[in-house]
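>>> predicted model and sequence follow; I will ask about them next.
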There are 2 protein chains.
Amino acid sequence: MAGFQIDGEELHIHSLRGKIFTQLENDILRGKYKTGDVLNETKLSNELGVSRTPIREVLRQLELEGLVISIPNKGTIVRGLTKEDIEDIYEIRVLIEGVAARRATEKITTEQLAELEEIIHFEEFYTTKNDVAHLIKLDNRFHELIYRASNSRLLLRTLSSFHHYVEMVRNESFKVGVFAHAVLDEHRAIYSAISEKNCELAEVLMVSHIKNAFTRIEGSLQ
Amino acid sequence: MAGFQIDGEELHIHSLRGKIFTQLENDILRGKYKTGDVLNETKLSNELGVSRTPIREVLRQLELEGLVISIPNKGTIVRGLTKEDIEDIYEIRVLIEGVAARRATEKITTEQLAELEEIIHFEEFYTTKNDVAHLIKLDNRFHELIYRASNSRLLLRTLSSFHHYVEMVRNESFKVGVFAHAVLDEHRAIYSAISEKNCELAEVLMVSHIKNAFTRIEGSLQ
DNA sequence: TAAAGTATAATTGTATACAAGAATACAACT
DNA sequence: AGTTGTATTCTTGTATACAATTATACTTTA
């Protein structure tokens, strides 16, 4: 969990700041801090056992991400994600994740393809086990590998954060056994298209995968 | 230039940090700091007349934006934008800016519509004057108003940063008189579609506007 | 009692001090 | 000469101190 790579470069490799960032981001995404909550810097620094300086740096990053709002001389307020935000994320993902799949098919390396196959195998295993925690991690790996293989830092950056934002609702979706199996089938189909270098098919399958994913999570919104 | 609004909330309203952020961001986008340059915190704090603390907070934000890379205990290195990045940005914009236009048409307020009309009028004026600097600012206002009117913070955030990233190349494009007139015509058409509440037309026109914009800037890449 | 004003406390913004790690320069050695 | 080891310097990472702003509590006054 130290961070994912971009063309050999890593994000969040700063052990301390990276941990604080991940911690606070997850605390917001998972609802520990709710919309409107004020994030007190001193309190956070006590809780996390560091000084205010790294806390502030992380808060500024979260501000840029849009998860919190910073009001000068007053404080940092949690904004979180609304139902509408999540709907928007899926609408945008439907539009651009297909492109990522198409590009990935064109540019994926043998190593990445092997890793994708491995991910599918693990997904098959954990789907039968109904192991939601592992499935979510594998789902992250599956999609992020495709983002990375697309060889576009803009796609990687944009889609990774979107994908991460909706992790909580995806988590709910995996709890439904039928849904988990559907995800596996769709991933398998996408993997086949990619390994056969069928760009158009990969794109179409990915688009419908995201559409289906939205249908699956739609019920758990609100 | 203090910052743009989101539903009444503002970004970069912190006078000091906002200025430092804008300054450094522009210095990177405009090529003062080139890819590979190391940003020395002490040096920057001397140049900008502030301490290292706010400098570091801004560097962390630029890191999240992807404009710089931070290597622990070594420093912050400029990454900038490559030709490929800019091509990617336009490919993504083609896909999602149409959605923003459609949504904007559905949800735009009378005040925003009036502002859009005003922008068009100013654009007409400065196009005849060949005033590139003003045209760039008006182009920013035009597109950002539509992002805002779309009523989606995800669209606003994503598209605003993309639009800002390509400001440098757009600047070149406006210098060509024919191009400036073409932009004006396309903006006029989009405005008409929006004011007539023709969602589909607004979407189609915006998509072709972005495609044309890419054609116009394509030559000045590299 | 309600409102306004003031003093105090709390919180953020910035600067500085110190710690830890990395780069550099130079000397010693083979 | 080249290499290795060490000391020094430089830079980043973190903590703390102080300034400025805001919130709160309390008192005063009508």
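Happy to help now that I have it. Just so it is clear, the structure is predicted and the values come from calculations on it, not from any experiment.

>>> tell me which helix or strand the residue nearest to the spatial centre of chain A sits in.
Here the mean C-alpha position of chain A is nearest to the C-alpha of A:His164 (Cα atoms, centre = their mean), at a distance of 2.3 Å. Using DSSP states H and E, A:His164 maps to helix A:153-165.

>>> quick check: angle from that helix to helix B:153-165?
With axes from the mean of the first three to the mean of the last three Cα atoms, to 10 degrees applied, the angle from helix A:153-165 to helix B:153-165 works out at 160 degrees.

>>> which is the succeeding secondary structure element to helix A:153-165?
Using DSSP H and E, the first helix or strand after helix A:153-165 is helix A:167-175.

>>> tell me the helices and strands packed up against that following helix.
helix A:132-149, helix A:177-195, helix A:199-218 (3 or more Cβ pairs under 8 Å, 6 or more residues apart in numbering or on different chains; DSSP states H and E). For every residue, glycine as well, the C-beta is placed using N, CA and C.

>>> including mean pLDDT and distance to DNA strand D, could those go into TSV?
Converted to TSV, the helices and strands packed on helix A:167-175 look like this (pLDDT from 0 to 100; distance: least, Cβ to the nearest atom of the strand, whole Å):
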stretch	mean pLDDT	distance to DNA strand D
helix A:132-149	97	24
helix A:177-195	97	37
helix A:199-218	98	36
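
>>> among those, which comes closest to chain B?
Proximity to chain B, assessed across the helices and strands packed on helix A:167-175 by Cβ to the nearest Cβ, is greatest for helix A:199-218 (11.1 Å).

>>> got the buried residues for the closest one?
A:199, A:201-207, A:209-210, A:213-214, A:216-217 (16 or more other Cβ atoms under 10 Å in any protein chain shown).

>>> what is the most widely separated pair among those residues?
Taking Cβ to Cβ as the measure, the buried residues of helix A:199-218 span a maximum distance of 27.2 Å, between A:Cys199 and A:Ile217.

>>> okay, stretch A:114-123 in PDB with CA atoms only?
Below are the C-alpha coordinates for stretch A:114-123, written out as PDB (Å, rounded to 0.1, in the frame of the first residue of the first chain):
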ATOM      1  CA  ALA A 114       0.900 -11.700 -17.500                       C
ATOM      2  CA  GLU A 115       0.000  -9.600 -14.400                       C
ATOM      3  CA  LEU A 116      -3.500  -9.100 -15.800                       C
ATOM      4  CA  GLU A 117      -3.900 -12.800 -16.200                       C
ATOM      5  CA  GLU A 118      -2.700 -13.400 -12.700                       C
ATOM      6  CA  ILE A 119      -5.200 -10.900 -11.400                       C
ATOM      7  CA  ILE A 120      -8.000 -12.700 -13.100                       C
ATOM      8  CA  HIS A 121      -6.900 -16.000 -11.600                       C
ATOM      9  CA  PHE A 122      -6.900 -14.500  -8.100                       C
ATOM     10  CA  GLU A 123     -10.300 -12.900  -8.800                       C
END
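
>>> contacts for that stretch next, please.
The contact list for stretch A:114-123, computed with Cβ atoms under 8 Å, 6 or more residues apart in numbering or on different chains, reads A:108, A:134-135, A:138-139, A:141-142, A:145-146, A:183-184, A:187-188, A:191, A:194-195.

>>> can you do 10 Å?
Applying Cβ atoms under 10 Å, 6 or more residues apart in numbering or on different chains, the external contacts of stretch A:114-123 come out as A:104, A:108-109, A:131, A:134-135, A:137-143, A:145-146, A:148-149, A:180, A:183-184, A:187-188, A:190-192, A:194-195.

>>> ChimeraX command for the buried members of those residues?
Restricted to buried positions by 16+ other Cβ under 10 Å, the ChimeraX selection for the contacts of stretch A:114-123 reads:
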select /A:104,108,131,134,135,137,138,139,140,141,142,143,145,146,148,149,180,183,184,187,190,191,194
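
>>> who touches A:Lys107 in this structure?
A:148-152.

>>> er, A:Asn130 actually
Here A:Asn130 is in contact with A:174-175, A:177, A:180 (criterion: Cβ under 10 Å, 6+ apart).

>>> now swap in A:Gln112 and tell me
Counted by Cβ under 10 Å, 6+ apart, A:Gln112 has contacts A:104, A:145-146, A:148-149, A:194.

>>> on the three-state scheme, it is what?
Secondary structure, DSSP: H, G, I helix; E, B strand; the rest coil: A:Gln112 is helix.

>>> by mean pLDDT, point me to the weakest helix or strand of chain A.
Least confident helix or strand of chain A, by mean pLDDT, DSSP states H and E, is strand A:5-6 with a mean of 32.

>>> helix or strand for A:Asn151, which one?
Applying DSSP H and E, one finds A:Asn151 in no helix or strand.

>>> these two touch, right, it and B:Glu84?
Yes. Counting by Cβ atoms under 10 Å, A:Asn151 touches B:Glu84, with 8.3 Å between them.

>>> next, show the common contact partners of those two.
In contact with both A:Asn151 and B:Glu84: no residue, using Cβ under 10 Å, 6+ apart.

>>> who has more neighbours, these two?
The neighbour count for A:Asn151 versus B:Glu84, taken as other Cβ atoms under 10 Å in any protein chain shown, is higher for A:Asn151 (18 against 13).

>>> name the nearest residue to that one, sequence neighbours excluded.
A:Lys107 (4.6 Å; Cβ to Cβ, 6 or more residues apart in numbering or on different chains).

>>> so how far is B:Glu84 from the one you found?
Distance, A:Lys107 to B:Glu84, using Cβ to Cβ, to the nearest Å: 12 Å.

>>> for A:Ala101, same thing?
As judged by Cβ to Cβ, A:Ala101 and B:Glu84 stand 18 Å apart.

>>> please identify the buried residues of the longest helix belonging to chain A?
Looking across chain A with DSSP state H, the single longest helix is helix A:83-107. By 16+ other Cβ under 10 Å, the buried positions in helix A:83-107 come out as A:85-105.
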